[in-house]
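Asker: sequence first, then the predicted structure:
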Amino acid sequence: MPRYEYRCRSCGTTFEVSRPMAESSAPADCPQGHDDTVKLLSTVAVGGAAGAAPQAGGGGGGCCGGGCCA
């Protein structure tokens, strides 16, 4: 089940809520009981080694940097 991150506008607490994607836009109450919260935009890291940067001419395929590689 996906986790969504929220911040309370009243107390500034940041918290996560696990819920189905169909309920992703539903409001979430702060753990402190406040209801003035906002859903935060989160980034997702996918695959690869931590700290590894792609190398030019690595033959990874795909289109990035303005040119297509085979």
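Answerer: Yep, that arrived.

Asker: contacts, neighbours, all on C-alpha from now
Answerer: Will do.

Asker: D36 contacts G12, doesn't it?
Answerer: No: between D36 and G12 there is no contact, the gap being 10.2 Å when judged by CA atoms under 8 Å.

Asker: which residue of the two possesses the greater neighbour count?
Answerer: Each of D36 and G12 has its neighbours counted (other CA atoms under 10 Å); D36 has more, 14 against 11.

Asker: who's in contact with that one?
Answerer: Contact partners of D36, counting by CA atoms under 8 Å, 6 or more residues apart in numbering, are C8, R9, S10, D29, C30.

Asker: let's see the PyMOL selection covering just the buried ones among those residues.
Answerer: For the buried members of the contacts of D36, the matching PyMOL selection, counting by 16 or more other CA atoms under 10 Å, is:
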select buried, resi 8+29+30
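
Asker: let's see which of the contacts of D36 end up in strands.
Answerer: Among the contacts of D36, the members found in strands (DSSP state E) are C8.
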